[in-house]
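>>> Provided below are the primary sequence and the corresponding predicted coordinates.
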Amino acid sequence: MGADREAAMEAAASEHDARAPDRHSFERAKALVQRIVAEGHDRPSLVSVIACEVGAEIIEGLRQPGEDLNSVELSRRFSTSRTPIREALMLLEKEGLVVVPPRKRPRVAFPDLGDIREIYRARAALFELIAVDVAQTVTPEGLARLRQSFARMEAAYKAQDISAFVWANVDFYDQNTQLANNRTVKRILDSLLLRTARLRRLSLSQPGRMARSFDDHARLIKAYEDRDATLAAALIRSNHINALASLEAYLTRNGADQ
């Protein structure tokens, strides 16, 4: 990673939360890592604990892109040998949160702009499929669950609480994938989830982006109520493409587009 990208991402983190930990948001990040990483691998519990803690610190911006992950310091912190530390970092590497280069210190990863474009375009295409399925098959009970998730997004939007909005957004999309009942697509989307957690926070922190996202989701709920699959697919795709455009503009503006 170039110095420009590292500087840009560090500036972004300070813009959202000045690297101050939000306990509720941090616990949500730990739970997300637990679900995607720790539970999906046959590893000792200590390795899972380390992976969840370090992964949450990365997602929450408490550790910046390019920052060294010193295994000696982590060993002291968790009162363990370096072997569980290495195993935990290797788990996080598989999910795109950490880079473990040969004969060098592990460091916090961050996708380049090309990777970000691929991730968001893939999510947009997959969620189009999800939106069509939800619009065509959702039950009244399913709609009620979506409305509950959206109500949390609305409360966060009104409070201008980016962290709460991010996690309400995660919950909303998780509800979509569950209601669509497409296990193959859900597995693929889950594999991208940790890679996008930091990106969502960065995108939504840009001027006007949270308002646009809130409006898109309000219209999406209405499309589901009307069982308008074409509109639902267009709205969910538009939300992802607009988020990507926001990230592209930010990273290009801050010299992190190489």
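Received it, and whenever you're ready, just let me know what you need.
>>> poorly predicted segments of the stretch 151-258 of the chain, please.
Counting by pLDDT under 70, the ranges of the stretch 151-258 of the chain that qualify are 255-258.
>>> sketch out the helices for it, chain order is fine.
162-180, 183-204, 209-225, 229-253 (DSSP state H, counting those that start in this stretch).
>>> indicate which one of those is closest to Ala155.
helix 162-180 (7.4 Å; CB to CB). For glycine as for every other residue, the C-beta is placed from the backbone atoms N, C-alpha and C.
>>> could you check the angle the closest one makes with helix 183-204?
160 degrees (axes from the mean of the first three to the mean of the last three CA atoms, to 10 degrees).
>>> just how off-centre is helix 162-180 within its chain?
10 Å (CA atoms, centre = their mean, to the nearest Å).
>>> okay, buried residues for it please.
Neighbour counts over helix 162-180 (16 or more other CB atoms under 10 Å) mark 162-177, 179-180 as buried.
>>> same check on stretch 24-38?
So for stretch 24-38, counting by 16+ other CB under 10 Å, buried means 25-26, 28-30, 32-34, 36-38.
>>> now do it: distance to the chain's middle.
Stretch 24-38 has its C-alpha centroid displaced from the chain centroid by 11 Å (CA atoms, centre = their mean).
>>> tell me how far Leu46 lies from Leu193.
Noted for Leu46: a distance of 24 Å to Leu193, by CB to CB, to the nearest Å.
>>> most packed of the helices of the stretch 151-258 of the chain?
Burial of the helices of the stretch 151-258 of the chain is given as mean neighbour count (mean count of other CB atoms under 10 Å); helix 162-180 ranks first at a mean of 21.
>>> now distance to Glu73 too, for the helices of the stretch 151-258 of the chain, in CSV please.
Shown next, in CSV, are these (distance: least, CB to CB, whole Å):
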stretch, distance to Glu73
helix 162-180, 27
helix 183-204, 22
helix 209-225, 36
helix 229-253, 30
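>>> Ile119 is nearest to which of these?
The nearest among the helices of the stretch 151-258 of the chain, by CB to CB, is helix 183-204 at 5.8 Å.
>>> mind giving me the packing neighbours of that closest one?
Applying 3 or more CB pairs under 8 Å, 6 or more residues apart in numbering; DSSP states H and E, we find helix 183-204 packed against helix 3-17, helix 23-36, helix 45-59, helix 113-137, helix 162-180, helix 209-225, helix 229-253.
>>> could you point out which of these sits nearest Leu89?
Here helix 45-59 is closest among the helices and strands packed on helix 183-204 (CB to CB), at 7.2 Å.
>>> neighbouring contacts of the closest one?
26-27, 29-30, 32-34, 37-39, 43, 63, 69, 74, 78, 80, 84-85, 87-89, 91-92, 95, 97-98, 108, 194, 197-198 (CB atoms under 8 Å, 6 or more residues apart in numbering).
>>> with that, I have no additional questions.
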